[in-house]
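Visitor: sharing a model that was predicted from the sequence below.
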Amino acid sequence: MKNIAVIGAGTMGNGIAHTFAQFGYKVQLIDVSQTSLDKGIATITKNLDRMVAKETISEADKKRTLANITAFTSIEEGVKSANLVVEAATENVDLKLKIFRDLDKYCPADTILASNTSSISITQIASVTSRPGIVIGMHFMNPVPIMKLVEIIKGYSTSPETFKIVEELSKKLNKVPVEVNDYPGFVANRILMPMINEAVETIYNGVAGVKEIDTVMMLGMAHPMGPLALADFIGLDVCLSILKVMHEGFKNPKYAPCPLLVNMVMAGKLGAKSGEGFYDYSENRKAEVVSKMFSK
Ligand SMILES: NC(=O)c1ccc[n+]([C@@H]2O[C@H](COP(=O)([O-])OP(=O)(O)OC[C@H]3O[C@@H](n4cnc5c(N)ncnc54)[C@H](O)[C@@H]3O)[C@@H](O)[C@H]2O)c1
């Protein structure tokens, strides 16, 4: 494993690229949007600066990390010599299926194809490729350079060897891999999203306000972040789409998204990334939240 292609330079893609590059891998960061690539590289640089300021890494580490990343707008160009692809594009089934068809076409035959999807079936994604045995879920958490967990999702056809390679690789990134089978929401979101949805229902039913709900969960349950602040940080559109996948996948009304969440997404209130969700995010406040997460 030397060359890692990362598809998507958004919230997760830039964090994944940052992490692999920091641990010495050559990263080809690919996005259809040049603006996203520029923003992604700027975010990586800002986060590395934070790490240097906190003395987690040196200035030389920062330079080495940035030198390991090359940006591409073409999948075909970017994946030519990839040993592993980690796809972190927008959470949309049709888009992901198209990307995996392209990856299957343009990657060498033995390239492992991983998806960072939060909820879409790895088995379905693998089924559009000619190599389902080497397709796997590699679900990093946000912010990737900081969060220790990688959920490794085995699709129906994922081979044990592929699992082992991805598990070992995750350990080399100083992460803790956890083995999970391929069912809607996997483990992390199957447990987290109903809690977030219930927190939204609690506002919707007029039981308590945003700050009150988050305070109960932080001080009462020792959560480092309230569920509503966390939802803002994940993105309310992402939360909604994961709930929809679980609702559809299990045909169980307990996963039905709260109408307030649906309304907020339709109104464009997507959380930190759009400047407003359950909380207001002027640039300073967003920076404050991220900076706290990057402190030692
Ligand atoms: N946000 C989170 O907290 C979080 C956590 C874990 C997993 N995920 C998953 O990670 C993935 C990415 O989520 P995100 O929050 O980073 O999204 P995002 O919207 O921040 O970034 C998505 C990026 O994908 C790019 N893109 C779209 N189509 C593309 C294509 N055809 N080729 C290349 N790039 C393309 C977009 O330009 C954008 O830059 C999703 O599958 C999501 O479910 C998100």
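Guide: On my side now, so go ahead.

Visitor: just the pLDDT at Arg285, thanks.
Guide: Arg285 carries a pLDDT score of 66 in this model.

Visitor: what does Lys296 give?
Guide: So Lys296 comes in at 43 (pLDDT).

Visitor: what do you get for Lys292?
Guide: Listed pLDDT for Lys292 reads 63.

Visitor: repeat for Asp61
Guide: Looking at Asp61, its pLDDT is 97.

Visitor: OK, contacts around the residue nearest to it when sequence neighbours are not counted?
Guide: The shortest distance from Asp61 to any non-neighbouring residue, by CB to CB, 6 or more residues apart in numbering, is to Gln22 (7.0 Å). (Glycine included, C-beta is placed from N, CA and C.) Residues near Gln22 by CB atoms under 8 Å, 6 or more residues apart in numbering: 48, 57, 61, 65, 145.

Visitor: what's the neighbour count on Lys54?
Guide: The burial count assigned to Lys54 is 12, neighbours taken as other CB atoms under 10 Å.

Visitor: mark which of the contacts of Gln22 are buried, thanks.
Guide: For the contacts of Gln22, a burial check counting by 16 or more other CB atoms under 10 Å picks out 48, 57, 65, 145.

Visitor: for the residue nearest to the first one when sequence neighbours are not counted, give its distance to the ligand.
Guide: Which is Leu48. Once flanking residues are discounted, Leu48 sits nearest to Lys62: 4.3 Å by CB to CB, 6+ apart. Relative to the ligand, Lys62 is positioned 22 Å away (CB to the nearest ligand atom, to the nearest Å).

Visitor: same deal with Ser121?
Guide: Taking CB to the nearest ligand atom, one finds Ser121 at 12 Å from the ligand.

Visitor: kindly report the same for Leu260.
Guide: For Leu260, the distance to the ligand - CB to the nearest ligand atom - is 20 Å.

Visitor: cool, and Ile203?
Guide: On the measure of CB to the nearest ligand atom, Ile203 and the ligand end up 21 Å apart.

Visitor: kindly report the domain assignment for the protein.
Guide: What automatic domain parsing lists as the domains of the chain is 3-181, 189-294.

Visitor: determine which stretch of those is the most buried.
Guide: Of all the domains of the chain, domain 3-181 carries the top mean neighbour count, a mean of 19, counting by mean count of other CB atoms under 10 Å.

Visitor: endpoints of that one, how far apart?
Guide: 27 Å (CA to CA, to the nearest Å).

Visitor: one more: stretch 175-194?
Guide: 26 Å.

Visitor: follow-up on the earlier one: from the buried ones among the contacts of Gln22, which is closest to Val27?
Guide: Minimum distance to Val27 across the buried ones among the contacts of Gln22 is 9.2 Å, recorded for Thr65 (CB to CB).

Visitor: so who does the closest one touch?
Guide: With CB under 8 Å, 6+ apart, Thr65 has these contacts: 18, 21-22, 44, 48, 57.

Visitor: of all the contacts of Gln22, which two lie farthest apart?
Guide: So, those by CB to CB: farthest apart are Asp61 and Pro145, at 12.0 Å.

Visitor: alpha carbons of the lengthiest helix in the chain, as PDB, please.
Guide: The helix that spans the most residues within the chain, counting by DSSP state H, is helix 34-53. Taking Å, rounded to 0.1, in the frame of the first residue of the first chain, the C-alpha atoms of helix 34-53 are listed here in PDB:
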ATOM      1  CA  GLN A  34     -11.900  22.600  -8.500                       C
ATOM      2  CA  THR A  35     -13.400  24.900  -5.800                       C
ATOM      3  CA  SER A  36     -13.900  21.900  -3.500                       C
ATOM      4  CA  LEU A  37     -10.300  20.800  -4.100                       C
ATOM      5  CA  ASP A  38      -9.000  24.300  -3.300                       C
ATOM      6  CA  LYS A  39     -11.100  24.400  -0.200                       C
ATOM      7  CA  GLY A  40     -10.100  20.900   0.800                       C
ATOM      8  CA  ILE A  41      -6.400  21.700   0.500                       C
ATOM      9  CA  ALA A  42      -6.900  25.000   2.400                       C
ATOM     10  CA  THR A  43      -8.700  23.100   5.200                       C
ATOM     11  CA  ILE A  44      -5.900  20.500   5.400                       C
ATOM     12  CA  THR A  45      -3.400  23.300   5.700                       C
ATOM     13  CA  LYS A  46      -5.400  25.000   8.400                       C
ATOM     14  CA  ASN A  47      -5.800  21.800  10.400                       C
ATOM     15  CA  LEU A  48      -2.100  21.000  10.100                       C
ATOM     16  CA  ASP A  49      -1.300  24.600  11.300                       C
ATOM     17  CA  ARG A  50      -3.500  23.900  14.300                       C
ATOM     18  CA  MET A  51      -1.600  20.600  15.000                       C
ATOM     19  CA  VAL A  52       1.800  22.500  14.700                       C
ATOM     20  CA  ALA A  53       0.500  25.200  17.100                       C
END
